[in-house]
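Q: Test case, fold it:
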Amino acid sequence: MNKKVKISAIVLLGMLAITSCGKKETATESSEINQTEDSESQAEAVSNDLVIEGNDQMQFNKAELRATAGQPITLTLKHVGKIPKEAMGHNLVILQEGTDEAAFAAKAITAKETDYIPASEKASIIAHTKLLGGGEEDTIEFTIDKKGTYNFLCTFPGHVAMMKGVLIVE
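A: The predicted structure is shown next:
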């Protein structure tokens, strides 16, 4: 019996080692991809035609967008994943400067009937896309006259922790 316990323990440790190694490689690859994407987004010129993607890993492909004040901004959100919006919905909400992001997100969680856009917080919202499922996209147009830094986020429950960024209006 003692021999069976030892063999089982060795097999279990071997399986843990194999699965641990796989996760480390995935994390390294993911961080290399994110670093490359971050470098690319920083190098982009200011444009009022903005495109951002959300995926099934609860990530936007950009954490920073730039636009020129006083000119119309066209923003397209693409959900490049495959999971339907009921399970992995994404939207993009641009908030007024000074809006408490955490308080806004807490109210958004309870607004399922309005696709997680809380009606009580309309004054805090500059613009927002529709809630999208995998393979869908939405384009919105709006203008911001005042230069500044505006937070954006996905209000689908649980997504705000990873899916947020800033729109810098110059």
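Q: List the residue ranges of this protein that fall below the pLDDT cut-off.
A: 1-45 (pLDDT under 70).
Q: Tell me where it has helices.
A: Counting by DSSP state H, the segments of the chain that form helices are 2-43, 85-88, 101-109.
Q: and the residue nearest to residue 65 when sequence neighbours are not counted, how many neighbours?
A: Once its chain neighbours are removed from consideration, residue 65 has its nearest residue in residue 167; the separation is 4.6 Å (CB to CB, 6 or more residues apart in numbering). Where C-beta positions appear, they are placed from N, C-alpha and C, glycine not excepted. Other residues lying near residue 167 total 23 when counted by other CB atoms under 10 Å.
Q: For residue 167, list the residues it contacts.
A: With contacts defined as CB atoms under 8 Å, 6 or more residues apart in numbering, residue 167 is in contact with 64, 65, 66, 67, 94, 144, 149, 150, 151, 152.
Q: swap in residue 140?
A: If a contact means CB under 8 Å, 6+ apart, then residue 140 has 74, 75, 127, 128, 129 as its contacts.
Q: can you list the domains in this protein?
A: If you go by automatic domain parsing, the domain ranges for the chain are 1-43, 46-169.
Q: Tell me which of the ones you listed is the most buried.
A: Per-residue neighbour counts averaged over each of these give the maximum for domain 46-169, namely a mean of 17 (mean count of other CB atoms under 10 Å).
Q: Determine how far it lies from the middle of the whole chain.
A: Relative to its parent chain, domain 46-169 has a centroid offset of 8 Å by CA atoms, centre = their mean, to the nearest Å.
Q: Between the two ends of it, how far is it?
A: For domain 46-169, the first-to-last residue distance is 9 Å (CA to CA, to the nearest Å).
Q: cool, and stretch 132-150?
A: Start to finish, the residues bounding stretch 132-150 are 22 Å apart (CA to CA).
Q: my guess is residue 110 meets residue 118, correct?
A: Yes - Residue 110 is within contact range of residue 118, at 7.2 Å (criterion: CB atoms under 8 Å).
Q: Compute the first-to-last residue distance for stretch 119-139.
A: Counting by CA to CA, the length from the leading to the trailing residue of stretch 119-139 is 21 Å.
Q: Kindly report the same for stretch 121-136.
A: End-to-end distance of stretch 121-136 (CA to CA): 26 Å.
Q: Provide the contact partners of it at residue level.
A: By CB under 8 Å, 6+ apart, the surrounding residues in contact with stretch 121-136 are 54, 56, 75, 77-86, 88-96, 99, 104, 107-108, 115-117, 138, 140, 142, 144, 150, 156.
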